[in-house]
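[1] Output the structure for:
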Amino acid sequence: IGALILLLPIFFIKKEYGLYALLIVRPLVDLFSSYTIITYQSLALNLNAIIALLVILWFISLILKERLTLANLPGKWWLGGLIIWSALSSLISIDLFNTLSEFLRLLSLVIIFVVAYQVAKERPHALTRLVPVVAVAMTIPVALALFQLLTATGLSFGGLDNRVYGTFGHPNVLGFYLVITLSLLLLNYRQSLLYPWLIAPGLLALLFTYTRGAYLGFAVIQIIMGLKYYRKYIFIGLGAITGLILGWQLLNSVLISTFNYNLNDNDLLRRVTI
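    From the prediction side, this is the model:
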């Protein structure tokens, strides 16, 4: 919380600087997001709620200072409906304070998207800094995930051992975070010598989150990107994957009969293929 307070002045220099700071800081504190920071009688606010409140206050200051408007925001009615529906869920909540915390978190995410849209609209050049910021932001989560992998300090549940989670509270969250960040780096990998060095360990961390939904999401994004920018290579890759799928059972049968080794006994291979 002290680091967040020290970063507060950045948010009031320029709104894109505040956006960049959020992209870097938010993944680093996710692991501690459920820790209670402020307790008053029956009210308890965790780190999630504190960050959300700071983001909301920042957004209010932008509205007052820069006359930020939402009139031309794409999908504003859908976002408004989502916020209203989420707020109404508090009426049937078992734990009102926990629901309030999650609602504030959702509201802060909506605000981040709104500010990002405004920055892109008003200062298109600011987007050129987005990918380097994402690269910086993912460095520590990926490094910690690899440390967890090598030291076997990841989470073990659901019949799977050593699922890496980086600085996040759950392997699935890290998985979907890497789907977005890796896709951005792959789209811009020629712009910096640093990006390939982040992509390789990032892909390794993604694999060992054992998150099937993230695998699928990453594959879909790469197919879409490939059809637009690298059509030749995507067809070669799809052909290779198709051949591997068709020959998988045959290869596994040979290994079982010859070496008494079943590929499906490997957690990672089983997660990808079954």
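
[2] Identify all contacting residues around the helix or strand where residue 20 lies.
    In the assignment (DSSP states H and E), residue 20 maps to helix 15-29. For helix 15-29, contacts defined as CB atoms under 8 Å, 6 or more residues apart in numbering pick out 3-4, 7, 10-12, 47, 51, 55, 58, 62, 66, 112, 115-116, 118-119, 123, 126, 129-130, 133-134, 136-138, 140-141, 166-168, 177. From N, CA and C alone the C-beta is placed, and that goes for glycine too.

[3] okay, it in CSV with CA atoms only?
    Extracted in CSV, the C-alpha atoms of helix 15-29 (Å, rounded to 0.1, in the frame of the first residue of the first chain):
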residue,chain,number,x,y,z
LYS,A,15,-3.6,10.1,-17.6
GLU,A,16,-1.5,7.9,-19.9
TYR,A,17,1.2,7.7,-17.3
GLY,A,18,-1.4,6.7,-14.7
LEU,A,19,-2.6,4.0,-17.1
TYR,A,20,1.0,2.7,-17.6
ALA,A,21,1.6,2.6,-13.9
LEU,A,22,-1.6,0.6,-13.4
LEU,A,23,-0.5,-1.9,-16.0
ILE,A,24,2.8,-2.4,-14.3
VAL,A,25,1.7,-2.3,-10.6
ARG,A,26,-1.6,-4.2,-10.8
PRO,A,27,-0.1,-7.7,-11.7
LEU,A,28,2.5,-7.3,-9.0
VAL,A,29,0.0,-7.0,-6.1
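
[4] Now residue 178. Nearest residue, chain neighbours left out?
    Residue nearest to residue 178 in three dimensions, not counting chain neighbours: residue 206, with 4.5 Å by CB to CB, 6 or more residues apart in numbering.

[5] Tell me how far the host helix or strand of that neighbour lies from the chain's centre.
    Using DSSP H and E, residue 206 sits within helix 194-207. Averaging C-alpha positions (CA atoms, centre = their mean, to the nearest Å) puts helix 194-207 14 Å from its chain's average.

[6] Please save the CA atoms from stretch 190-198 in CSV.
    In CSV, the C-alpha atoms belonging to stretch 190-198 read as follows (Å, rounded to 0.1, in the frame of the first residue of the first chain):
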residue,chain,number,x,y,z
ARG,A,190,10.5,-7.4,-34.4
GLN,A,191,10.4,-4.0,-32.6
SER,A,192,12.8,-4.9,-29.8
LEU,A,193,15.5,-7.5,-29.1
LEU,A,194,14.0,-7.9,-25.6
TYR,A,195,10.6,-9.3,-26.8
PRO,A,196,11.8,-12.7,-28.0
TRP,A,197,13.6,-13.2,-24.7
LEU,A,198,10.3,-12.6,-22.9
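
[7] Sticking with residue 156, tell me its helix or strand.
    Residue 156 is located in strand 155-157, with elements delineated by DSSP H and E.

[8] Can you name every helix or strand that the helix or strand following that strand contacts?
    As assigned by DSSP H and E, the chain's next helix or strand after strand 155-157 is strand 160-163. Applying 3 or more CB pairs under 8 Å, 6 or more residues apart in numbering; DSSP states H and E, one finds that strand 160-163 contacts strand 155-157, helix 267-273.

[9] Lovely, talk soon.
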